[in-house]
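Engineer: structure of the sequence below:
(chains A and B)
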Amino acid sequence: GAGVSQSPRYKVAKRGQDVALRCDPISGHVSLFWYQQALGQGPEFLTYFQNEAQLDKSGLPSDRFFAERPEGSVSTLKIQRTQQEDSAVYLCASNDGGSGANVLTFGAGSRLTVL
Amino acid sequence: ILNVEQSPQSLHVQEGDSTNFTCSFPSSNFYALHWYRWETAKSPEALFVMTLNGDEKKKGRISATLNTKEGYSYLYIKGSQPEDSATYLCAFGGFKTIFGAGTRLFVKA
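Structural biologist: Here you go, the predicted model:
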């Protein structure tokens, strides 16, 4: 596609609900990243995929967070039993993996509000 | 723990003013320094990536400098316009990029 697409743009969940956030990266981009941006803070790294392999998940805040990219394109970030502290903007980014400096192309984000 | 600090947190200027903000980052194990612009309801967009000490980059009225020895970068906007209103994010590192909290710029017409 022309850019990185994320859905839904906005999600309101009741505490305890499960949510799934989708990211459709730029076609052909091998690297995919998820970031979490809480209010007033910068984006924080959650996890990184190269094709379908999840090479780093050290930023996932708890075992309630799970990400997958089964066919090396679309990725889903799943949050189980949501808590109020999960309220944030979840940003997805991709690149072709060839640039050593790792310049990222971002989606517009999914804003999650947990009540 | 690697930390990227940006100042000021927010800035209000009049149209036509020139402005600058600062990004501080660890001076050891430098890899790359990025600036992104994030307009409300849009995606963060890459402005510059700099890898060498003394690098200066320019895009239109916006420019950036890099000092890796002392661990800082400046972003300058000359003659601010209302469309420059956005959050400017600084980011440090390689594949596990570490972001600052951003400087929120408001330009009043």
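
Engineer: dump the residue contacts of the one residue in chain A that gets nearest to chain B.
Structural biologist: Closest residue of chain A to chain B, C-beta to the nearest C-beta: A:Gly42 (3.5 Å). C-beta: built from backbone N, CA, C; applies to glycine. Residues in contact with A:Gly42 (C-beta atoms under 8 Å, 6 or more residues apart in numbering or on different chains) are B:Val4, B:Gln6, B:Leu89, B:Ala91, B:Phe99, B:Gly100, B:Ala101, B:Gly102.

Engineer: do that again at 6 Å, thanks
Structural biologist: Contacts for A:Gly42 (C-beta atoms under 6 Å, 6 or more residues apart in numbering or on different chains) come out as B:Phe99, B:Gly100, B:Ala101, B:Gly102.

Engineer: before we move on, what about B:Cys90?
Structural biologist: Applying C-beta under 6 Å, 6+ apart, the residues near B:Cys90 are B:Val4, B:Gln6, B:Cys23, B:Trp35, B:Gly100.

Engineer: beta-bridge partners for the closest residue in space to it that isn't next to it in sequence, please?
Structural biologist: Nearest residue to B:Cys90 in three dimensions, chain neighbours excluded: B:Cys23, at 3.3 Å (C-beta to C-beta, 6 or more residues apart in numbering or on different chains). Beta-bridge pairing for B:Cys23 (DSSP bridges): B:Gln6, B:Ser73.

Engineer: please name the residues that touch B:Cys23.
Structural biologist: B:Gln6, B:Ser73, B:Cys90, B:Gly100.

Engineer: that one and B:Glu5, how far apart?
Structural biologist: 7 Å (C-beta to C-beta, to the nearest Å).

Engineer: could you list the low-confidence segments of the chain?
Structural biologist: In the absence of a named chain, chain A is used. Within chain A, the ranges that satisfy pLDDT under 70 run A:1, A:99.

Engineer: you answered for a different chain; I wanted chain B.
Structural biologist: B:1.
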